[in-house]
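Q: Show me how the following folds:
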Amino acid sequence: MEAGDSVVMEITPRVEGYWTQIVRTVNVSTPNDELEKLYRVARDAIKKGLEVFRPGKTIRDVVLAMDAYVKDCGYLFKPPTGHVSAWT
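A: Numbering: from 1, shown residues only. Modelled structure (predicted):
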């Protein structure tokens, strides 16, 4: 590993039949500018989804709002999102 590299870590513990997943990405030494940009796009895409998230809307509506924002930022938003796909 070198300065600027990114490391992805995952822990998936299970206790008494309940599972959770914790995934984190960290930079080695100095910030990775592209990764920081991706973090900002992901954060703001979630905000766009939350603007749509209300009674009467579907998860698909939320995902499509997020998808539009990510595309506007020059990135590709690929399903599945989460553990199920809201695209169909």
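Q: Count the residues that sit near the residue lying closest to residue 71 once chain neighbours are set aside.
A: Nearest residue to residue 71 in three dimensions, chain neighbours excluded: residue 77, at 6.7 Å (CB to CB, 6 or more residues apart in numbering). Quick note: C-beta positions are derived from backbone N, CA and C, even for glycine. The local packing of residue 77 (other CB atoms under 10 Å) involves 18 other residues.
Q: can you tell me how far residue 77 sits from residue 9?
A: Separation of residue 77 from residue 9 (CB to CB, to the nearest Å): 23 Å.
Q: do residue 2 as well
A: Residue 2 sits 18 Å away from residue 9, taking CB to CB as the criterion.
Q: can you list the domains in this protein?
A: Here the domain assignment for the chain is 1-30, 32-88, based on automatic domain parsing.
Q: Make CSV out of those domains and add mean pLDDT.
A: Formatted as CSV, the domains of the chain follow (pLDDT from 0 to 100):
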stretch, mean pLDDT
domain 1-30, 88
domain 32-88, 87
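Q: Mean neighbour count, these: which tops it?
A: By mean neighbour count, with neighbours taken as mean count of other CB atoms under 10 Å, domain 32-88 ranks first of those at a mean of 14.
Q: which ones are touching residue 10?
A: Listed by CB atoms under 8 Å, 6 or more residues apart in numbering, the contact set of residue 10 reads 21-23.
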